[in-house]
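A.B. asks: need a 3D model of the sequence below.
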Amino acid sequence: MAVVHRLLRIIVLLQSSAGPWGRPRLADVLGTNTTTVSRDINRLQKGGVPVEYDKVEKTYRIRHGFYLPPTAFTVPEAVALSVLAGGPAATGHFLAGPAAQGAEKVRASLPEPLREELNRTLPAIALDPARAETADVIDDVWFKMSQSIAQRRSLICCYEASQSETDVLKNASGNAAPNTTPAPAAFTFYPYALYFGQRGWYVIGKRLDRDALRTLKLSRFVRIANLDTPYAIPDDFSLKTYFGNAWRMMRGNPRHAIKLHFSAKVADTVSETQWHATQRITEHNDGSITADFDIDGLDEIVWWILGYGPNCTVEAPNELREKIARLAQETAQQYEKGKDDG
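C.D. replies: Have a look, this model is predicted:
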């Protein structure tokens, strides 16, 4: 990221309500280090931007009343904002209304020639994002969570765990799993961050009843109410650190060196996509490829591998190879059972 762009980004972040903005968090969002952040803040202060540090709340702020002059958008910038914020990508999403209103304000501020070009361009652009929960299920929960994060006020919640989560807890306690799931108990919750992934919205935060960070799906909250109790988000918390090298978003232990062989039939499809930050592709003379990953936990990648059926072979580790073989056998048995029943 160029210095000028980074400085502008810092100004925008510090003027937003998504703080606190300590150096570690700024460095994580900007993809740099705390030394560079300190240097950038010093540049802004010398340039007349009133950046101040609140020692009590441990956050940088820009003094109230300071605003950047109106932004001069380029055509690509205006198109990108309109498509992502108010175009087809937002259709059906519970944030679609506010996004469309914001995009309209952007378009209204554009010079007439640029606005005309934008109006000619947008109808020819379409995005088809992954489907997610319906708006009426999570919009209220999402806004209460975001408000809690902004104000640093804790919540009282009830959460309906999935059957798999319930079974894990019951097995860990040594109790047999009954046929009915008990009503969810209330707990105090400190939300740290909201995250969209795997076709749904999640909140990462601390459950006081478990004394640990948890990733909770917004659609499973059955009750949420505000408390007056303040809380703090640790300065060293970041989604990047929290997720680690998870395949998607559920981090497990330990870290595994994954080696997968893909047949020539699917090699191009696999190699053309960056599935994970640690991905390494080796091409072979027969058109097949080997893909290597370093993954924290195996549960999430299992289902991705099974989606390729006989075109993917696990070469390492043996634990993953055995898990895939067992699930493939169980799947085949299901079809054999159906054939016998027919």
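A.B. asks: over to the nearest residue to Val106 once chain neighbours are set aside: give its phi and psi.
C.D. replies: Among residues not flanking Val106 along the chain, Leu81 sits closest, at 5.5 Å (Cβ to Cβ, 6 or more residues apart in numbering). C-beta coordinates here come from the backbone N, C-alpha and C atoms, glycine included. Main-chain torsions, Leu81, degrees, to the nearest 10: phi -60, psi -40.
A.B. asks: quick one: Leu81 from Arg9, how far?
C.D. replies: Applying Cβ to Cβ, to the nearest Å, the value for Leu81 to Arg9 is 15 Å.
A.B. asks: likewise for Thr59?
C.D. replies: 16 Å.
A.B. asks: these two: which has the busier surroundings?
C.D. replies: Thr59 (18 against 15; other Cβ atoms under 10 Å).
A.B. asks: tell me the bridge partners for that one.
C.D. replies: Beta-bridge partners of Thr59, counted by DSSP bridges, are Asp54.
A.B. asks: likewise Ala225?
C.D. replies: Where Ala225 sits in a bridge, its partners, by DSSP bridges, are Ile156.
A.B. asks: in which helix or strand does the residue positioned nearest the centre of the chain reside?
C.D. replies: Nearest residue to the geometric centre of the chain (Cα atoms, centre = their mean): Tyr195, 3.7 Å. Using DSSP states H and E, Tyr195 sits within strand 186-197.
A.B. asks: C-terminal to that strand, what's the next element?
C.D. replies: strand 200-207.
A.B. asks: how much space between Ile11 and Gln45?
C.D. replies: According to Cβ to Cβ, Ile11 and Gln45 sit 12 Å apart.
A.B. asks: scratch that, Thr241 is what I was asking about
C.D. replies: 29 Å.
A.B. asks: hang on, Leu118 packs against Phe73?
C.D. replies: No. Leu118 sits out of contact with Phe73 when judged by Cβ atoms under 8 Å, with a separation of 9.2 Å.
A.B. asks: where does this protein have its least confident helix or strand?
C.D. replies: helix 163-173 (a mean of 45; mean pLDDT, DSSP states H and E).
A.B. asks: now do the strands in the chain.
C.D. replies: 51-54, 59-62, 153-159, 186-197, 200-207, 212-217, 221-230, 255-262, 280-283, 289-296, 312-316 (DSSP state E).
A.B. asks: who does the last one pair up with?
C.D. replies: Yep, that's strand 312-316 we're talking about. strand 255-262 (antiparallel).
A.B. asks: would you mind listing the buried residues in stretch 279-294?
C.D. replies: Using 16 or more other Cβ atoms under 10 Å as the test for burial, stretch 279-294 gives Ser288, Ile289, Thr290, Ala291, Asp292, Phe293.
A.B. asks: er, stretch 95-106 I mean
C.D. replies: Under the neighbour-count rule (16+ other Cβ under 10 Å), stretch 95-106 has Leu95, Ala96, Ala99, Ala100, Ala103, Val106 buried.
A.B. asks: those residues in helices, which ones?
C.D. replies: Using DSSP state H, the subset of these located in helices is Ala96, Ala99, Ala100, Ala103, Val106.
A.B. asks: go through the residues you listed and name the one nearest His276.
C.D. replies: Ala99 (28.9 Å; Cβ to Cβ).
A.B. asks: wait, doesn't that closest one sit right on Ala85?
C.D. replies: Yes. Counting by Cβ under 8 Å, Ala99 sits close enough to Ala85 to count as a contact (4.4 Å).
A.B. asks: now for those two: what residues contact both?
C.D. replies: Counting by Cβ atoms under 8 Å, 6 or more residues apart in numbering, Ala99 and Ala85 have no contacts in common.
A.B. asks: scan the protein for its longest helix.
C.D. replies: helix 318-341.
A.B. asks: show me what it is packed up against.
C.D. replies: With contacts defined as 3 or more Cβ pairs under 8 Å, 6 or more residues apart in numbering; DSSP states H and E, the secondary structure elements packing on helix 318-341 are strand 255-262, helix 299-306, strand 312-316.
A.B. asks: which stretches of this structure have low pLDDT?
C.D. replies: For the chain, the stretches flagged by pLDDT under 70 are 1-2, 4, 17, 67-72, 86-94, 96, 128-137, 162-183, 338-342.
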